[in-house]
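Using only what follows, build the 3D model:
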Amino acid sequence: MSGKQNLMMMTKTELRNYVLQHRDDEEALQLYLDKVHTDNPSSQIHSPEENVGDALARYLENQT
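Numbers count the residues shown, from 1 in each chain. Reported below is the predicted structural model:
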């Protein structure tokens with residue numbers, strides 16, 4: 001089984017832990033982000049130029 005197939009078989013939590021331990025593995029990071037987005041299609045990725053604090057405040061307001 002190839003490395004990519006192994007990554008695809010991991011749960012989101014397992015893949016997150018793998019990405020944290022292998023920070024240079026861009027393929028694993030992309031697979032993780034794809035899983036996160038699949039599980040929560042309304043999730044957003046913010047660019048460094050955006051005020052993430054404002055986005056976080058809006059998110060927290062919608063959680064109540």
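
Show me the residue sitting in the middle of the protein in space.
Leu33 (3.3 Å; Cα atoms, centre = their mean).

Which strands or helices does the helix or strand where Leu29 lies pack on?
Taking DSSP states H and E as the criterion, Leu29 maps to helix 26-39. Judged by 3 or more Cβ pairs under 8 Å, 6 or more residues apart in numbering; DSSP states H and E, helix 26-39 is in contact with helix 3-9, helix 12-21. Using the backbone N, CA and C atoms, a C-beta is placed for each residue, glycine as well.

Deepest-packed of these, please.
Of these, the one with the most neighbours on average (mean count of other Cβ atoms under 10 Å) is helix 12-21, at a mean of 14.

Please work out which helix or strand belonging to this structure has the smallest mean pLDDT.
Counting by mean pLDDT, DSSP states H and E, the weakest-scoring helix or strand in the chain turns out to be helix 52-62, with a mean of 75.

Quick one, grab the pLDDT at the residue nearest to the centre of the chain.
What the model reports for Leu33 is a pLDDT of 86.

Please report how far it lies from Glu27.
Here the criterion is Cβ to Cβ, to the nearest Å. By it, Leu33 lies 11 Å from Glu27.

cool, Leu15 as well?
Between Leu15 and Glu27 the computed distance is 11 Å (Cβ to Cβ).

Same check on Asn51?
30 Å.

How about Met9?
Met9 is 14 Å from Glu27, by Cβ to Cβ.

Repeat that for Asp39.
19 Å.

In the chain, where is pLDDT below threshold?
Along the chain, segments meeting pLDDT under 70 span 1-5, 40-49, 63-64.

Please repeat the previous calculation with a cut-off of 90.
Applying pLDDT under 90 to the chain flags the ranges 1-5, 8, 12, 16, 23, 26, 30-64.

which residues does Lys12 contact?
By Cβ atoms under 8 Å, 6 or more residues apart in numbering, Lys12 lies in contact with Tyr32, Lys35, Val36, Asp39.

what does Met10 give?
Neighbour list for Met10: Tyr18 [criterion: Cβ under 8 Å, 6+ apart].

what about it, distance to Glu61?
33 Å.
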